[in-house]
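**Q** got a structure for you, letters missing:
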Ligand SMILES: Nc1ncnc2c1ncn2[C@@H]1O[C@H](COP(=O)(O)OP(=O)(O)OP(=O)(O)O)[C@@H](O)[C@H]1O
């Protein structure tokens with residue numbers, strides 16, 4: 001069963017600067033939830049608190065009955081949280097498959113000696129992991145690029161490798177941080193379809209942090225809007241889009 005992600009009363013301060021103030025929202029099981037807002041609204045800060053990179057000054061994050069607050073990122077992977085970063089932390093010289101296999105490591109067991117001696121069960125597990133990593137790449141449309149070094153790929157494909165690596169931990173929650181940043185309009189439209197397919201076919205929850213309101217309105221089930229670190233709206237996309245405070249936040253920054 002896919003658990004609900006509950007973000008409760010998050011406050012994050014950097015010295016005198018309040019990046020988040022009392023932010024709460026819930027990502028319902030199997031839904032595509034977007035966290036949006038203008039520049040500096042606190043989206044990345046919120047993403048980084050949920051993902052364990054920043055420690056909240058106040059508040060908590062729970063996935064079902066599991067407390068995520070304060071856990072380190074590698075523990076989260078083991079608990080079913082897969083994350084793709086804004087600046088993909090991939091190994092550019094390695095192949096697509098090797099990068100995605102790195103994501104599987106959160107799931108692999110086996111000590112150094114067993115690995116070094118290539119114990120039969122390790123070899124079998126490795127084969128199984130390679131098969132699954134290949135399937136994930138095929139699902140994301142990069143199955144023909146398994147042996148290509150990441151450095152040789154166009155940006156849109158690199159982003160897919162990053163998502164594949166996040167999916168390789170078999171997450172119940174996939175966190176995507178501004179996946180469309182730096183993409184062309186065509187790449188963005190393709191990506192939107194892919195994200196939708198991940199939700200529909202894998203049935204997992206997705207938290208999508210995005211600057212571009214246009215991208216999320218077509219695909220999100222629910223949208224939380226931040227502005228100056230505070231939640232200013234939360235609801236279905238069509239409702240949020242018409243919210244006067246949201247319109248003001250976006251138009252205000254555009255006009256500035
Ligand atoms: N590590 C940090 N140290 C100090 N201040 C920070 C840090 N990270 C973010 N901030 C500040 O917190 C506020 C929120 O920034 P954040 O990057 O979370 O916003 P954002 O909505 O993701 O913006 P963008 O769309 O531009 O990426 C900003 O005022 C930013 O300068």
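**A** It's in. Computed from a prediction, not measured in an experiment: that's the story for all the values here.

**Q** What is the neighbour count of residue 182?
**A** Neighbour count of residue 182, defined by other C-beta atoms under 10 Å: 14. Any C-beta I mention is one placed from the backbone N, CA and C, and that applies to glycine too.

**Q** ranges for the strands of the stretch 51-200 of the chain?
**A** All strands of the stretch 51-200 of the chain, identified by DSSP state E, counting those that start in this stretch, fall at 58-63, 66-67, 81-84, 173-177.

**Q** For residue 159, which non-adjacent residue is closest in space?
**A** Excluding its sequence neighbours, the residue lying closest to residue 159 (C-beta to C-beta, 6 or more residues apart in numbering) is residue 179, at 5.6 Å.

**Q** same question, residue 97
**A** With C-beta to C-beta, 6+ apart as the measure, residue 146 is the residue that lies nearest to residue 97, at 4.3 Å, once sequence neighbours are left out.

**Q** if we look at the helix or strand hosting residue 231, which residues are touching it?
**A** Under DSSP states H and E, the secondary-structure element containing residue 231 is strand 230-235. Contacts made with strand 230-235 from outside it, assessed by C-beta atoms under 8 Å, 6 or more residues apart in numbering, are listed as 20-25, 37, 42, 222-226, 240, 243, 245-246, 249.

**Q** contacts with the ligand among the residues you listed, please.
**A** Restricting the contacts of strand 230-235 to those within reach of the ligand (C-beta under 6 Å from any ligand atom) leaves 37, 42.

**Q** my read: residue 2 touches residue 31, true?
**A** No. With contact taken as C-beta atoms under 8 Å, residue 2 and residue 31 are classed as non-touching, separated by 9.2 Å.

**Q** Tell me the bridge partners for the residue nearest to the spatial centre of the chain.
**A** With distances taken as C-alpha atoms, centre = their mean, the residue of the chain nearest its centroid is residue 175 (1.8 Å). Applying DSSP bridges to residue 175 gives these bridge partners: residue 83, residue 207.

**Q** so what's it up against?
**A** Counted by C-beta under 8 Å, 6+ apart, residue 175 has contacts 47, 50, 51, 81, 82, 83, 84, 166, 206, 207, 209.

**Q** Report pLDDT for it.
**A** According to the per-residue confidence, residue 175 scores 96 in pLDDT.

**Q** got it, and the one 5 residues further on?
**A** Reading off the confidence values, residue 180 has pLDDT 86.

**Q** pLDDT score for the residue nearest to it when sequence neighbours are not counted?
**A** For residue 180, ignoring the flanking residues on the chain, the nearest one in space by C-beta to C-beta, 6+ apart is residue 188 at 4.5 Å. In the predicted model, residue 188 carries a pLDDT score of 89.

**Q** show me where the stretch 151-256 of the chain has helices.
**A** 155-167, 185-197, 213-217, 237-242, 244-255 (DSSP state H, counting those that start in this stretch).

**Q** Residue 127: how many residues sit nearby?
**A** Taking other C-beta under 10 Å as the neighbour definition, residue 127 ends up with a count of 10.

**Q** and what of residue 244?
**A** Considering only other C-beta under 10 Å, residue 244 is surrounded by 8 other residues.

**Q** One more: residue 16?
**A** Counted with other C-beta under 10 Å, residues neighbouring residue 16 total 5.

**Q** which helix of the protein spans the most residues?
**A** With secondary structure taken from DSSP state H, the chain has its longest helix at helix 120-139.

**Q** still on that earlier bit, got phi/psi on the residue nearest to residue 159?
**A** Listed backbone geometry of residue 179 is phi -70, psi -20, with angles given as degrees, to the nearest 10.
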